[in-house]
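Colleague: Output the structure for:
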Amino acid sequence: MIRKAIIPAAGYGIRNLPATKVIPKELFPIGNKPAIDYVVAEAVQAGITDILIVLSRNKTEIMNYFDRSPELEAYLTERQKENLLPLIAPTKLNIQYIRQNEPLGLGHAILLGQSFAAGEPFAIMLPDQISLSRTSMLAPLIKCFEQYRANVIGLQTVKKELLSNYGVVSASRINARTYDIDSIVEKPLHPPSQLALMGRYIAKPHIFDKLRRTKPDVNGEIQLTDALNEVCRSNRMIGYAYNERWFDTSIEEQYIKLQQRALELRKRT
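Modeller: Reported below is the predicted structural model:
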């Protein structure tokens, strides 16, 4: 059973400047909720009970969002708007936080969660990848893990002209949705397939040993993809291919489409 998830949310959000100078991209609104709320709700739906959010010094607003606001609660109560209180109630999940003191990459952010994972397999959920599916996108990865007892990566077929923006896998098909992954190429000039990483992972604890041994790239960052490649060389890695639509909130065009889709879904309910 996967009980824990790590959400790395310490990046500067450079692709979304100047807005991210003051607003964390994880708090960009989708309808009337911030992006990270959708990710946490997805985790809850999949049975996750404990979450570690990796923050940087200027991301305390995320902590505030998931905390209580006694002043706002009192304000709503005084004005007989108690019907709005459930909208601002804190999640019942156990959410913990840790700071990444330097921007040393996604792999380094995950490595900070080793004591949190405490030797258990755990989920990694990138908060800029959002699906508005009614079912949790994490749940089928957990099912794959339970079936194969192997590391699992979420995948989606991406248009060839967009593959240079993603990590892309070389893999052999097991069945309609699952693949054995041989290797991962980050932002390839010559993609080995059209299957791109979609920001959801189930990792065994040995990922931390791989991350510690991963050499920083030319920017001094430890990349999760490099560590996952090392895992592929010595352990089985399963890919699960989603049919559901994903949106990347750090890409402006996709963020706008995500907003439109969220509005359409709200009008139906």
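
Colleague: now the helices for this protein?
Modeller: Here the chain has its helices, by DSSP state H, at 35-45, 60-66, 70-78, 85-88, 106-111, 114-117, 139-148, 207-213, 224-234, 252-268.

Colleague: so where's this protein uncertain?
Modeller: 269 (pLDDT under 70).

Colleague: quick revisit: please identify which of the helices of the chain is closest to Gly11.
Modeller: helix 106-111 (7.9 Å; CB to CB). For every residue, glycine as well, the C-beta is placed using N, CA and C.

Colleague: can I get the helices of the chain in CSV with distance to Asn16 and mean neighbour count?
Modeller: Formatted as CSV, the helices of the chain follow (distance: least, CB to CB, whole Å; neighbours: other CB atoms under 10 Å):
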stretch, distance to Asn16, mean neighbour count
helix 35-45, 11, 21
helix 60-66, 15, 15
helix 70-78, 27, 11
helix 85-88, 25, 10
helix 106-111, 16, 24
helix 114-117, 27, 16
helix 139-148, 27, 18
helix 207-213, 26, 18
helix 224-234, 20, 20
helix 252-268, 8, 13
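
Colleague: In JSON lines, list these along with distance to Leu162.
Modeller: Rendered in JSON lines, the data for the helices of the chain read as follows (distance: least, CB to CB, whole Å):
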{"stretch": "helix 35-45", "distance to Leu162": "20"}
{"stretch": "helix 60-66", "distance to Leu162": "29"}
{"stretch": "helix 70-78", "distance to Leu162": "41"}
{"stretch": "helix 85-88", "distance to Leu162": "36"}
{"stretch": "helix 106-111", "distance to Leu162": "20"}
{"stretch": "helix 114-117", "distance to Leu162": "32"}
{"stretch": "helix 139-148", "distance to Leu162": "22"}
{"stretch": "helix 207-213", "distance to Leu162": "27"}
{"stretch": "helix 224-234", "distance to Leu162": "17"}
{"stretch": "helix 252-268", "distance to Leu162": "10"}
